[in-house]
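Trainee: Sequence below, structure please.
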Amino acid sequence: MRIGSHVDAEDPIAGAKARGADVAQIFLGAPQAWKDPEVLYPGGAQALREAAAAADLPLVVHAPYRINVASTNNRIRIPSRTLLQKQVDAAAEIGAIGIVVHGGHVGADDDLEVGFDNWRKCLEKLERPTTVLIENTAGGDGAMARGVDRIAALWEAVRAAGAEDVGFCLDTCHAWASGEPLAGLVGRITAVTGRVDLVHVNDSRDEFGSSADRHANLGQGHIPEEDLLAVLRDANVPAVVETPGAQTEQGIDIAWLHERLG
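Mentor: Sure, this is the predicted structure:
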């Protein structure tokens, strides 16, 4: 099992090496902005693609947090579709194995079904030269991917769009915060999506069902150790830590996982 971390985009190769990571997740641009994607690695996209291949380092891109293709607000939904396409294309240029995007949400007074259908419309037009990985959500009454039931409804829209190539990213902290027990979670997710492609392995600062997206370093939060490890064993896919700290702290988390998973 490959275990990696989210690293700085300027030099993902060096960042991964410093942490003992064998997968690197990066942003292509500011995560809170509407700006076009940007490859900061010296030499650009092709240079990063070649360097990562030479280092046997799979790359994952995390799309900006602002993207919300489910929104009923045209001023959010339409720019979100445009930016997502640009991000997907840029991720393909660097040779990323996938791009993670949040499931998004609708407003408090909106019908959830409208949000699911907005995902369908997005995916029908979205060109996907690399795998799009929809990530589960920690909280929000209007969230598209909070809990297995919502994910099941979202995947009906994915299938209606003919987007069988779309994958799933399972975040352990988000699941815990949303009130989904981690025991047996991979089986429940795959029963509705058919797949789990990537795990974001994070402990939770807050209690079960808190709706709080606050990551903690592994073994230092509220998620029982065996529940966390069971998700990784059951999924048996690449995992990325998005835990607090940088090289030292995330390196400790990666070593923590290797020690327990063998």
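
Trainee: Could you report the neighbour count for the residue lying closest to Gly209 once chain neighbours are set aside?
Mentor: Take Gly209 and drop its neighbours on the chain: the residue closest to it by CB to CB, 6 or more residues apart in numbering is Gly179, 3.8 Å away. In short, each C-beta sits where N, CA and C put it, glycine included. Gly179 is flanked by 14 other residues according to other CB atoms under 10 Å.

Trainee: pretty sure Gly179 contacts Asp206?
Mentor: No - judged on CB atoms under 8 Å, Gly179 makes no contact with Asp206 at a distance of 11.7 Å.

Trainee: quick one: low-confidence ranges for the stretch 101-250 of the chain?
Mentor: The stretch 101-250 of the chain contains no residues with pLDDT under 70.

Trainee: what are the ranges of the helices in it?
Mentor: Applying DSSP state H, counting those that start in this stretch to the stretch 101-250 of the chain gives helices spanning 112-125, 147-160, 172-178, 185-193, 225-235, 247-261.

Trainee: Distance of the residue nearest to Gly209 relative to Asp203?
Mentor: Distance, Gly179 to Asp203, using CB to CB, to the nearest Å: 16 Å.

Trainee: what's the answer for Glu180, then?
Mentor: For Glu180 relative to Asp203 (CB to CB), the value is 15 Å.

Trainee: ditto for Gln46
Mentor: Distance, Gln46 to Asp203, using CB to CB: 37 Å.

Trainee: I'd like to know which of the helices of the stretch 101-250 of the chain lies nearest to Pro58.
Mentor: Nearest to Pro58, of all those, is helix 247-261, at 14.6 Å by CB to CB.

Trainee: what helices or strands is that closest one leaning on?
Mentor: Helix 247-261 sits against strand 3-6, helix 12-19, helix 225-235, strand 239-241, with contacts defined as 3 or more CB pairs under 8 Å, 6 or more residues apart in numbering; DSSP states H and E.

Trainee: list the buried ones in the longest one?
Mentor: Buried residues in helix 225-235, defined by neighbour count with 16 or more other CB atoms under 10 Å: 227-232, 234-235.

Trainee: so who does Pro244 touch?
Mentor: 215-217 (CB atoms under 8 Å, 6 or more residues apart in numbering).

Trainee: Just to check, Gly209 is in contact with Ser178?
Mentor: Yes - between Gly209 and Ser178 there is a contact under CB under 8 Å: 7.4 Å.

Trainee: Spatially nearest residue to Ala51 (excluding sequence neighbours)?
Mentor: Counting by CB to CB, 6+ apart, the residue nearest Ala51 is Ile13, at 5.3 Å.

Trainee: That neighbour and Gly221, how far apart?
Mentor: Distance of Ile13 to Gly221, given as CB to CB: 29 Å.

Trainee: Who has more neighbours out of these two?
Mentor: Taking other CB under 10 Å, Ile13 and Gly221 do not tie; Gly221 has more neighbours (21 against 17).

Trainee: contacting residues around the more buried one?
Mentor: Residues in contact with Gly221 (CB under 8 Å, 6+ apart) are 173, 203-206, 215.

Trainee: Kindly recompute the last result at 7 Å.
Mentor: By CB atoms under 7 Å, 6 or more residues apart in numbering, the contact set of Gly221 is 203-205.
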